[in-house]
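**Q** quick one, what's the 3D model for this:
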Amino acid sequence: MMDLMSMFLAIWYILPTYFANMAPVVFGGGSPIDRGRNWIDGRRILGDHKTFRGLISGIIVGTTIGIIQLRPIQGVLLSTGAMVGDLIGSFIKRRLDIPPGGNAVLLDHEGFLVFSILFCFWYEPISIEQTIFLIIITPILYEITNFIARKLNLK
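**A** Now for the predicted structure:
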C-alpha cells in the first residue's frame, strides 16, 4: 500500500501534465491542426477542437508549471507527452466515429496521462505503484475538472 508521501510525490510529478491538459480548454480555439482535412477513411483527422493554439498553450502552461517546480525539462517532457497523447486519442476517436466532445473513457481519461509518463520516464521515472495511483485518480480528477469547466461555460 502506498503511503501519503508517495501519493503526494506522484501528484507533484504529474502536475505539468494536468495543467497542460487543462490549458487548451482555457486558451484554445483558432485554426484546427488538421486544417479541416479528412483521413483516408473519409473522417476528420482530429476535428475542430484540436487547435494549434490549444497544442501550444498546453505545452507552454505545462512547461511553466515545471519551471515553477524547478523541473523545467520534466515540464517540457510531461506537457508534450500529454498533448501528443491527447492528439492520438482524438485521432482514434475519429476512427471509431466518436464525435468531438464525445466520451471515450480510456482515451479521454488515460491517453494524455500514459503518453506523458512515457515521454518523461527515461528522464525521471516513477514507481509502478505511483503510476497505478495516477491511473486510478486521474479519471476522478478529469471528471471533476470537466464538471467545473462546463459550469464555467469553458466546455
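**Q** got the buried residues for the helix or strand harbouring residue 61?
**A** For residue 61, the host element (DSSP states H and E) is helix 52-68. If you call a residue buried by 16 or more other C-beta atoms under 10 Å, then helix 52-68 has these buried ones: 54-66. Every residue, glycine included, has its C-beta placed from N, CA and C.
**Q** closest to residue 78 out of those residues?
**A** Of all the buried residues of helix 52-68, the one with the least separation from residue 78 (C-beta to C-beta) is residue 62, at 6.0 Å.
**Q** wait, doesn't that closest one sit right on residue 85?
**A** No - contact criterion C-beta atoms under 8 Å: residue 62 and residue 85 do not qualify, at 12.0 Å.
**Q** still on that earlier bit, can I get the buried residues of helix 52-68 in JSON lines with distance to residue 13?
**A** JSON lines is the format used below for those (distance: C-beta to C-beta, whole Å):
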{"residue": "54", "distance to residue 13": "23"}
{"residue": "55", "distance to residue 13": "22"}
{"residue": "56", "distance to residue 13": "23"}
{"residue": "57", "distance to residue 13": "22"}
{"residue": "58", "distance to residue 13": "18"}
{"residue": "59", "distance to residue 13": "18"}
{"residue": "60", "distance to residue 13": "19"}
{"residue": "61", "distance to residue 13": "17"}
{"residue": "62", "distance to residue 13": "12"}
{"residue": "63", "distance to residue 13": "15"}
{"residue": "64", "distance to residue 13": "16"}
{"residue": "65", "distance to residue 13": "11"}
{"residue": "66", "distance to residue 13": "10"}
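**Q** nearest to residue 154 among those?
**A** residue 54 (12.2 Å).
**Q** which residues touch the closest one?
**A** Residues in contact with residue 54, defined by C-beta atoms under 8 Å, 6 or more residues apart in numbering, are 23, 24, 27, 28, 29, 30.
**Q** show me what contacts the closest residue to the third one other than its chain neighbours?
**A** Looking back up the chat, that one is residue 27. Spatially, and ignoring its direct neighbours in sequence, residue 27 is nearest to residue 57 (3.6 Å; C-beta to C-beta, 6 or more residues apart in numbering). Applying C-beta under 8 Å, 6+ apart, we find residue 57 in contact with 23, 24, 26, 27, 28.
**Q** I appreciate the help and will end here.
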